[in-house]
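> make a model of this:
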Amino acid sequence: MNTPVNILVLAAGLGTRMKSDRAKVLHPLGSRPLIAHVLHTAEQLDPQQIFVRSEEHTSELQSPCNLVCRLLLEKK
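Residues are numbered from 1 along each chain as shown. A predicted model of the protein is given here:
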C-alpha cells in the first residue's frame, strides 16, 4: 500500500544577497528557472499535490507552477 504524499516547496527567498531584484527560485539554471527543476523532481514522487509557498513574485511563479502545483501566499 502506498502512502499518499503531499509536497511543500518553500520559495519565499529574495535574491538580495545575490544583488538581484529577482527571487532566488526564478534565477535560471540552464534554460529553466530553479523552481522548474524543483517541481520537475517533485513530480517524480507522484504526489497528490504540490504546494509552493511564496510571499512575492506570484505572477512570475505562476508560469513554472502551471497546473502542477498550488501557490500558497503569505500576506504581509
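> report the buried residues of the lengthiest helix in the chain.
Ranked by residue count under DSSP state H, the longest helix found in the chain is helix 34-43. Applying a neighbour-count criterion of 16 or more other C-beta atoms under 10 Å, the buried positions in helix 34-43 are 34-36, 38-39, 42. C-beta here means a position set from N, CA and C on the backbone, and glycine is covered the same way.
> what about stretch 38-54, average pLDDT?
The average of the pLDDT scores along stretch 38-54 is 88.
> can I get it as PDB, trimmed to CA atoms?
As requested, C-alpha coordinates have been extracted for stretch 38-54 and formatted as PDB (Å, rounded to 0.1, in the frame of the first residue of the first chain):
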ATOM      1  CA  VAL A  38      12.500  21.500  -8.200                       C
ATOM      2  CA  LEU A  39       8.900  21.000  -9.400                       C
ATOM      3  CA  HIS A  40      10.100  18.500 -12.000                       C
ATOM      4  CA  THR A  41      11.900  16.500  -9.400                       C
ATOM      5  CA  ALA A  42       8.900  16.700  -7.000                       C
ATOM      6  CA  GLU A  43       6.600  15.400  -9.800                       C
ATOM      7  CA  GLN A  44       8.700  12.200 -10.000                       C
ATOM      8  CA  LEU A  45       7.400  11.300  -6.500                       C
ATOM      9  CA  ASP A  46       3.900  11.200  -7.900                       C
ATOM     10  CA  PRO A  47       2.400  13.300  -5.100                       C
ATOM     11  CA  GLN A  48      -1.300  14.000  -4.500                       C
ATOM     12  CA  GLN A  49      -0.500  17.800  -4.500                       C
ATOM     13  CA  ILE A  50       2.500  20.100  -4.700                       C
ATOM     14  CA  PHE A  51       2.300  23.400  -2.800                       C
ATOM     15  CA  VAL A  52       4.600  26.300  -3.400                       C
ATOM     16  CA  ARG A  53       4.800  28.900  -0.600                       C
ATOM     17  CA  SER A  54       5.800  32.400  -1.500                       C
END
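> fine, thanks again, bye for now.
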